[in-house]
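K.L.:
Below are the sequence and a predicted model; questions follow.
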Amino acid sequence: MVKMDSPPPRNGNGKVAGLPIISITPYLLDESSRDDIQERRAATSNALHRACRDFGFFYLDISAFADPREPDDLAKLARKFFSLPQQEKDKLALKNQDSARGYARLKENVTNGKADNHEGIDFYRPVENPDKTKPLWGINQWPTVPGFREKYERWVEKMKTLGMIVMEAMAIGLGMTPDEWKALRSQVDDSFWVMRVIGYPPLPNDHDGFSCGAHKDYGCLTFLYADPTPNALQVFVPRSKPGAAADLTGLPAENGSEKGVWISADPIPGCVVCNIGEMWEIWSNGLYKSTLHRVVHRGSNYRVSIPFFFEPNFNAKIAPLPAALRIIEAEKGEAKKTKAIKPYKSVVYGEFLTSKVGNNFTNGSGKYTNGTNGKYSNGN
């Protein structure tokens, strides 16, 4: 486990050695169950705060929250779906609904102008009065694989619960008052969640692109379960030891000169990989950074990943939080800086999301893509 009370550890080549592992167990225990529960919760919250500042990515140990066999079953169901004849999968095509909910073929998703070597099926929070002519406002299309919908909907409910637990822990780590947490909670208590089920065949040697190109997640929190495939998910850490060789391959144009290294985020039993999206960057006024990541799967197996995106409420207005501004102001004072803090521009999440989806339809295929900015693919 990486200790979070010291600078990010590095190996002999100056590269960051790995992401921190944080257990959510203290927030699952009853407050009266242990004398040291508040101390343990504070330690978890502090670790989350440091991980969000230093990496934007971390492992979340949920072994006390979810039976590891549950996501394993989901992966098996996913493989059954992806192994169906193409014409069967196409019955759930995105174009049948709102161009966001449903199945996308291999290489239909595009990141940074290049086709991604994966296929997937997307689900969103159900909405009232569905209208498939409106972006995001259709009906989820579920595979007919026996048990698929039942087990995935159970996972959705579990991840929604986990999202609220982690949000509270992060609020405490950020130093929010009870009233401030109550206000933040009201922005995520009806999360406009998204879940993707993604299949990655081996990346062909002649493929001009990646399994999923470098991007940042646009929402709040991502909880990723992936099968045991190693060396596939990579995280860009924009810090490298002086003199160490930087790896800039595959960075979007606006990040192409940024110094840093790609590190692997291989699956760890009992954990999900968690990262923060751009809404947390706004809430924290840049104190926390949404981090670039990509998938490069060159193994021989068919990789399956199941990212769940715990997002704000559709109508939530996202603006810098007073607690984050207090930290930034205090640090500015310690550094004797006099320049005024510039708050991030606020956004209404649903409007932000719809604009990204609406601006990125490609050739009528129905799948919104990254266009040229490389930030909104949400593949892991």
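P.N.:
The structure has been received and is ready for your questions.
K.L.:
in stretch 45-53, what's buried?
P.N.:
Burial within stretch 45-53, assessed by neighbour count using 16 or more other Cβ atoms under 10 Å, is assigned to S45, N46, A47, L48, H49, R50, A51, C52. Bear in mind the C-beta positions are built from the backbone N, C-alpha and C, glycine included.
K.L.:
no, scratch that, I was asking about stretch 341-357
P.N.:
Buried residues in stretch 341-357, counting neighbours by 16+ other Cβ under 10 Å, are found at Y344, V347, V348, Y349, G350, F352, L353, T354, K356, V357.
K.L.:
now it: how far from the chain's centre is it?
P.N.:
The offset between the C-alpha centroid of stretch 341-357 and the centroid of the whole chain comes to 17 Å, using Cα atoms, centre = their mean, to the nearest Å.
K.L.:
ok so, going back, with secondary structure, pLDDT and distance to N109 as added columns, please give the buried residues of stretch 45-53 in CSV.
P.N.:
Conversion of the buried residues of stretch 45-53 to CSV gives the following (DSSP: H, G, I helix; E, B strand; the rest coil; pLDDT from 0 to 100; distance: Cβ to Cβ, whole Å):
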residue, secondary structure, pLDDT, distance to N109
S45, helix, 98, 35
N46, helix, 98, 37
A47, helix, 98, 34
L48, helix, 98, 30
H49, helix, 98, 33
R50, helix, 97, 33
A51, helix, 97, 28
C52, helix, 97, 27
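K.L.:
quick revisit: looking at the buried residues of stretch 341-357, spot the one nearest Y103.
P.N.:
Compare each of those with Y103 using Cβ to Cβ and the shortest gap goes to V357, at 16.5 Å.
K.L.:
ok, now which ones touch the closest one?
P.N.:
Contacts for V357 were tallied using Cβ atoms under 8 Å, 6 or more residues apart in numbering; they are S99, A100, P135, L136, Y368.
K.L.:
Could you do L84 as well?
P.N.:
L84 is in contact with P143, V145, counting by Cβ under 8 Å, 6+ apart.
K.L.:
what's the distance between it and P307?
P.N.:
Applying Cβ to Cβ, to the nearest Å, one obtains 21 Å for the distance of L84 from P307.
K.L.:
Over to G213?
P.N.:
If you measure G213 against P307 using Cβ to Cβ, the figure is 15 Å.
K.L.:
more neighbours, the two?
P.N.:
In this comparison of G213 against P307, neighbours counted by other Cβ atoms under 10 Å, the higher total goes to G213 at 27 against 24.
K.L.:
The more buried one in helix, strand or coil?
P.N.:
Secondary structure state of G213, per DSSP: H, G, I helix; E, B strand; the rest coil, is strand.
K.L.:
Find the nearest non-adjacent residue to it, please.
P.N.:
Spatial nearest neighbour of G213, chain neighbours left out: T111 (3.0 Å); criterion: Cβ to Cβ, 6 or more residues apart in numbering.
K.L.:
do K114 as well
P.N.:
Once flanking residues are discounted, K114 sits nearest to G209: 3.5 Å by Cβ to Cβ, 6+ apart.
K.L.:
Now that neighbour: which helix or strand?
P.N.:
G209 is part of no helix or strand, with elements assigned from DSSP states H and E.
K.L.:
list the contacts for it?
P.N.:
Contact criterion Cβ under 8 Å, 6+ apart gives T111, K114, A115, D116, N117 as the residues in contact with G209.
K.L.:
The last one and H207 touch, don't they?
P.N.:
Right, N117. Yes: taking contact to mean Cβ atoms under 8 Å, the distance of 5.5 Å between N117 and H207 places them in contact.
K.L.:
So between those two, which is more surrounded?
P.N.:
Each of N117 and H207 has its neighbours counted (other Cβ under 10 Å); N117 has more, 22 against 14.
K.L.:
Can you tell me the SS state at that one?
P.N.:
When the structure is reduced to helix, strand and coil (three-state DSSP), N117 reads as coil.
K.L.:
Look up how far Q187 lies from it.
P.N.:
For N117, the distance to Q187 equals 36 Å [Cβ to Cβ].
K.L.:
repeat for C52
P.N.:
Taken as Cβ to Cβ, the spacing of C52 relative to Q187 amounts to 17 Å.
K.L.:
Next: K95.
P.N.:
K95 sits 32 Å away from Q187, going by Cβ to Cβ.
K.L.:
Now the residue nearest to the spatial centre of the chain. Nearest residue, chain neighbours left out?
P.N.:
Taking Cα atoms, centre = their mean as the criterion, T222 is the residue nearest the geometric centre of the chain, at 2.8 Å. Leaving aside its sequence neighbours, T222 sits nearest to N275 (Cβ to Cβ, 6+ apart; 5.0 Å).
K.L.:
May I have the residues that are in contact with that neighbour?
P.N.:
The neighbours of N275, taking Cβ under 8 Å, 6+ apart as the test, are G56, F57, F58, D217, L221, T222, L224, V235, S290, T291, H293.
K.L.:
Narrow the residues you listed to those in strands?
P.N.:
Per DSSP state E, strands hold the following members of these: F57, F58, L221, T222, L224, V235, H293.
K.L.:
of those residues, closest to T25?
P.N.:
Once Cβ to Cβ is applied, the member of the ones in strands among the contacts of N275 that ends up nearest T25 is F58, at 14.9 Å.
K.L.:
Quick one: the helices in this protein, in order.
P.N.:
All helices of the chain, identified by DSSP state H, fall at 37-54, 69-82, 86-89, 148-173, 178-185, 278-283, 322-334, 349-358.
K.L.:
how about those, which one is nearest G260?
P.N.:
With respect to G260, and counting by Cβ to Cβ, the nearest of the helices of the chain is helix 37-54 at 12.7 Å.
K.L.:
Who are the packing partners of the closest one?
P.N.:
strand 21-23, strand 57-61, helix 148-173 (3 or more Cβ pairs under 8 Å, 6 or more residues apart in numbering; DSSP states H and E).
K.L.:
what's Y288 in contact with, if anything?
P.N.:
C52, R53, G56, I276, W280, E281.
K.L.:
Skip the chain neighbours and tell me the closest residue to it.
P.N.:
With Cβ to Cβ, 6+ apart, the residue lying closest to Y288 is C52, at 4.1 Å.
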